[in-house]
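**Student:** give me coordinates for this.
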Amino acid sequence: MGQKIHPLGFRLGTTQSHDSIWFAQPRNYSENLKEDKIIRGWIKNYIQKTSGVEGIGRIKIKKRIDRIQVIIYIGLLTEDKFEELQKRIKELQTNVQKKLNMGLPTEDKPLRIEELQTNVQKKVNCVTRKINITITRILNGYSDPTILAKFIAGQLTNRISFRKATKKAIELAQQAGTKGVQVQIAGRIDGKEIARVEWIREGRVPLQTIRAKIDYGSYTVRTIFGVLGIKVWIFLNND
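**Tutor:** Just a heads-up that it's a prediction; the model follows:
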């Protein structure tokens, strides 16, 4: 019963809010969506390559006419790593700014004169937006479902049994102060020839209660047996 709708979209306006907050005309909606994807992908790649930090939870983007505010939620950080990331914020801002100023990638197809004129006009009329990036540290890193899903993915790539990996992840989540955790893994689990779905739950996870603050995250991991999908539901509290 509890998997017919996205658990975060089900609670928008009550206990959850959008990760991207902006308004755009219908003709510009796809461009803004691509822009968000570019920003998130660039930030994740940069942080993982420069600092080796894997505990990136979610990235919130708020857009105004002349400014883009990006909030990065990171867990599993030591004080030294957190200070190092704070020092690299300016470098990260300039890199993302250059990436956006280059424009969005276009498809390899010939442009008509009218399309070319409109694209150039948009480029000329557009306001240069400044990017402001801030990093927020998640104190209990394993209370974030995306970080927990990445932990399970790391265990599965190291050829650890999925039951052992999920039980360890649930223990870590319970130590972080959560009220309930549900984990689901789909694919060729443990290298079996037939793909299947396995799930385990500890504690309460009331998916049908709107006022229950449930956080949800998913992650895709590539193993030598194929692609596995990991979904994690975490019951934080009951408002």
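**Student:** next helix or strand past whichever strand or helix holds residue 43?
**Tutor:** Applying DSSP states H and E as the criterion places residue 43 in helix 29-50. Per DSSP H and E, the first helix or strand lying C-terminal to helix 29-50 is strand 56-63.
**Student:** okay, now the domains of the protein?
**Tutor:** Split into domains by automatic domain parsing, the chain comes to 9-138, 141-238.
**Student:** how far does the first one stretch from start to finish?
**Tutor:** This points to domain 9-138. This stretch, domain 9-138, spans 22 Å end to end (C-alpha to C-alpha, to the nearest Å).
**Student:** quick one: mean pLDDT for it?
**Tutor:** Regarding domain 9-138, the rounded mean pLDDT is 77.
**Student:** in this structure, which spans are strands?
**Tutor:** 20-21, 56-63, 67-75, 130-138, 180-187, 196-203, 212-223, 226-238 (DSSP state E).
**Student:** could you dump the ones you listed to CSV with mean neighbour count and distance to residue 162?
**Tutor:** From N, CA and C alone the C-beta is placed, and that goes for glycine too. Shown next, in CSV, are the strands of the chain (neighbours: other C-beta atoms under 10 Å; distance: least, C-beta to C-beta, whole Å):
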stretch, mean neighbour count, distance to residue 162
strand 20-21, 14, 32
strand 56-63, 19, 23
strand 67-75, 19, 23
strand 130-138, 15, 25
strand 180-187, 22, 6
strand 196-203, 14, 6
strand 212-223, 18, 11
strand 226-238, 19, 8
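**Student:** would CSV of those with distance to residue 12 be doable?
**Tutor:** CSV is the format used below for these (distance: least, C-beta to C-beta, whole Å):
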stretch, distance to residue 12
strand 20-21, 12
strand 56-63, 14
strand 67-75, 18
strand 130-138, 21
strand 180-187, 20
strand 196-203, 24
strand 212-223, 12
strand 226-238, 16
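**Student:** cool, thanks, talk later.
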